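Visitor: Predicted coordinates and the sequence they were generated for:
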Amino acid sequence: MLQNIDISKWTKNKKVISWVEDKIKLCKPDSVHFCDGSKEEIDSLLKLLISQNKVIPLNPKKKPNSYLFRSTVDDVARVEERTFICCKNEEDAGPTNNWKDPVEMKNTMKDLFSGCMHGRVMYVIPFCMGPLSSDKSHIGIEITDSAYVVLNMNIMTRMGKKVMEYLDKDIDFVPCIHSVGKPLKKNEKDDLWPCNPENKYIVHFPEEKSIWSFGSGYGGNALLGKKCFALRIASNMAKEQSWLAEHMLILGITNPQGEKKYIAAAFPSSCGKTNLAMLQPKLKGWKVECIGDDIAWMKFGEDGKLYAINPEAGFFGVAPGTSYQTNYNAMKSLEQNSLFTNVALTEEGDVWWEKMTDKIPDGLIDWQGNLYDPKSNKPAAHANSRFTAPISQCPVRDLDFENPKGVPISAIIFGGRREDVVPLVYESFDWNHGVFLGASVSSQTTAAAKGEIGKLRHDPFAMLPFCGYNMADYFNHWLNLQNKTQSSKLPKIFYVNWFKKNENNEFIWPGFSDNIRVLKWIFERVSNKVSAKKTAIGYIPRIEDLDLTNLDISKENLSKLFEINQNLWLQEADKLQTYFSVFKDKLPNEMVNQIKSLRDRLTKETKCAQ
Ligand code: OXD
Ligand code: MN
């Protein structure tokens with residue numbers, strides 16, 4: 001039994017002291033470790049994990065200071081059906097979230113966490129989401145019994161000693177507690193990837209702004225700074241304080257004349273945010289630089305513009321599909337000091353995943369640790385396998401990444417994975433219409449969350465799994481932002497779809513580096529340099545304004561890319577109306593008006609696209 005831990009030696013913040021004391025009493029760990037984020041600390045954790053066979057060091061000649069973890073088969077993705085928003089009124093969580101009464105859920109949590117760290121070390125991780133000196137940043141403390149979480153949080157957040165001076169100043173913090181949910185009896189041998197698949201709970205208390213996560217050691221379920229704090233809890237903070245916490249990448253784009261603009265873009269999980277955030281432009285003279293690939297916090301500056309920071313410090317990217325051809329900068333970012341989860345291992349002690357190279361290396365070990373049989377029809381790396389790499393290693397990291405002011409956002413892009421209906425790019429008529437475009441995002445599902453893959457689902461603002469309150473109130477929050485500033489200061493809103501297919505089931509648009517052609521049009525639209533064609537769904541590019549230099553694309557494919565099929569769009573409007581009906585009378589009237597206007601425009605304009 002653990003006794004006499006003097007937490008006041010670690011911090012003077014009374015709220016922190018009593019919270020940590022309380023959690024020690026509840027979880028009953030064998031020991032407590034206050035993380036300082038030093039290299040020595042990280043090295044000794046790795047040494048411990050290596051001695052326990054819980055991690056595989058990669059060949060330092062291939063991937064210096066990098067490590068491979070393998071989870072169990074039942075702990076490979078976010079678990080949306082086990083994710084809960086616990087506020088007093090069920091209506092405040094809304095129909096798209098799983099709601100539970102906070103008092104009941106707190107009791108359930110206390111029961112589960114009681115003694116859950118027996119035989120384990122409790123790690124206490126102070127962390128900052130966003131640059132340390134920024135007034136847009138927020139602090140959290142994660143208590144966890146997983147060393148894997150500590151190692152990942154060390155890359156994904158600013159953590160350890162550097163956060164303590166802020167905590168000591170009595171700054172408020174978001175308390176986050178996590179356990180793999182597998183207490184050890186005396187002399188019981190630990191699992192290589194301890195977890196408790198039958199009892200997973202990812203729980204948020206938005207009113208008190210706290211997070212409790214139990215049973216899973218994986219990604220967004222366990223690294224609580226990411227989806228739980230930076231999106232679900234932060235979206236509540238943002239609603240209360242008139243800012244935005246969004247599932248968006250942030251990139252800087254510079255034209256050949258040296259003018260620079262910043263763009264934020266929201267796509268559902270595993271739809272190419274990381275690729276877009278650091279793309280290598282095909283067009284000469286254009287440059288893209290990366291601020292972030294997953295989350296944006298945007299607050300109004302004194303000049304009335306929206307300024308964005310990336311609350312994270314690392315990439316927790318989907319590995320399969322990433323290659324030097326498709327995302328050179330991501331590959332460079334993960335060449336060293338990186339962690340890998342559920343990827344395959346080569347004979348040389350390097351990592352591999354599907355589409356990294358054309359040829360599958362011989363003698364691969366798959367993500368479950370077995371010799372890989374390429375004829376098995378199974379992937380060698382899990383479809384949701386990940387790399388964790390520091391943003392500081394990204395060759396195109398934007399110089400303003402650490403700027404405490406953030407960067408001014410000129411355009412916001414929404415998008416999804418749609419084989420048909422939705423054109424390559426279109427622009428909203430105004431802010432209300434832009435909010436409607438965000439609300440109408442739908443996409444085919446991917447392996448990022450447990451469940452069926454390839455099914456079309458509505459995912460408003462790509463925030464369906466991440467909005468920590470009633471989505472209808474969230475639509476309203478977005479609509480109301482226009483009252484906080486002049487409309488000329490607000491970003492313009494666009495919608496893109498890289499995934500349209502032709503009759504032969506082939507992708508029409510090459511995507512990746514060629515997406516610069518679309519970004520260029522957006523850049524020129526926000527600079528008022530090009531006009532556009534008005535259609536029933538929004539403004540689309542005039543073909544002569546889309547830079548197609550050196551792109552081999554047929555006329556038929558091009559017109560398919562921008563086709564606006566009246567019938568399909570009317571069906572789209574019907575589906576959206578049915579989807580919106582789940583919000584009942586909470587749905588802002590403006591959304592109803594937008595559907596009606598869309599229908600009116602579609603029926604008036606018989607021929608929109610050509
Ligand atoms: C992620 C996700 O991990 O969206 O970023 O699932
Ligand atoms: Mn994401």
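Guide: Arrived safely, thanks for sending. Ligands and ions are numbered 1, 2, ... in the order given.
Visitor: Please count neighbours and contacts with C-alpha atoms only from this point.
Guide: OK.
Visitor: residue contacts, the residue of the stretch 251-400 of the chain found nearest ligand 1?
Guide: Among the residues of the stretch 251-400 of the chain, S269 lies closest to ligand 1, at 3.8 Å counting by CA to the nearest ligand atom. With contact taken as CA atoms under 8 Å, 6 or more residues apart in numbering, S269 is in contact with T446, A448, A462.
Visitor: Present these as CSV; the columns should include neighbour count.
Guide: As requested, those are arranged in CSV below (neighbours: other CA atoms under 10 Å):
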residue, neighbour count
T446, 20
A448, 22
A462, 26
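Visitor: So which of those reach ligand 1?
Guide: Among those, the ones lying near ligand 1 by CA under 6 Å from any ligand atom are A448.
Visitor: Where does confidence bottom out across the contacts of S269?
Guide: Sorting the contacts of S269 by confidence puts A448 at the bottom, with a pLDDT of 70.
Visitor: I'd assumed I155 was in contact with T388.
Guide: Yes. With contact defined as CA atoms under 8 Å, T388 counts as touching I155 (7.1 Å).
Visitor: Overlap of the contact sets of these two?
Guide: By CA under 8 Å, 6+ apart, T388 and I155 have these common neighbours: G314.
Visitor: quick one: which of these two has more around it?
Guide: For T388 and I155, the more surrounded residue by other CA atoms under 10 Å is T388, and the numbers stand at 26 against 23.
Visitor: Skipping adjacent residues, who's closest to the more buried one in space?
Guide: The spatial neighbour of T388 that comes closest, neighbours along the chain excluded (CA to CA, 6 or more residues apart in numbering), is F316 at 4.6 Å.
Visitor: ok, that neighbour - contacts?
Guide: With contacts defined as CA under 8 Å, 6+ apart, the neighbours of F316 are M156, G219, R386, F387, T388, A389.
Visitor: swap in C394?
Guide: Contacts for C394 (CA under 8 Å, 6+ apart) come out as N329, A330, K332, S333.
Visitor: F499 touches F512, doesn't it?
Guide: No. With contact defined as CA under 8 Å, F499 does not reach F512; the gap is 11.1 Å.
Visitor: So if I had to pick from these two, which one is more boxed in?
Guide: Under the criterion of other CA under 10 Å, the comparison of F499 against F512 puts F499 first, with 23 against 19.
Visitor: what's the domain layout of the protein?
Guide: Segmentation of the chain into domains, based on automatic domain parsing, reads 7-54+78-241, 245-314+398-609, 316-389.
Visitor: Redo those domains as CSV? Include distance to P60.
Guide: Shown next, in CSV, are the domains of the chain (distance: least, CA to CA, whole Å):
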stretch, distance to P60
domain 7-54+78-241, 14
domain 245-314+398-609, 21
domain 316-389, 9
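Visitor: Show me the one of these that comes nearest Y67.
Guide: Closest of the domains of the chain to Y67 is domain 316-389, at 5.0 Å (criterion: CA to CA).
Visitor: Nearest residue to Y328 in space, ignoring adjacent ones along the chain?
Guide: Leaving aside its sequence neighbours, Y328 sits nearest to Q280 (CA to CA, 6+ apart; 7.6 Å).
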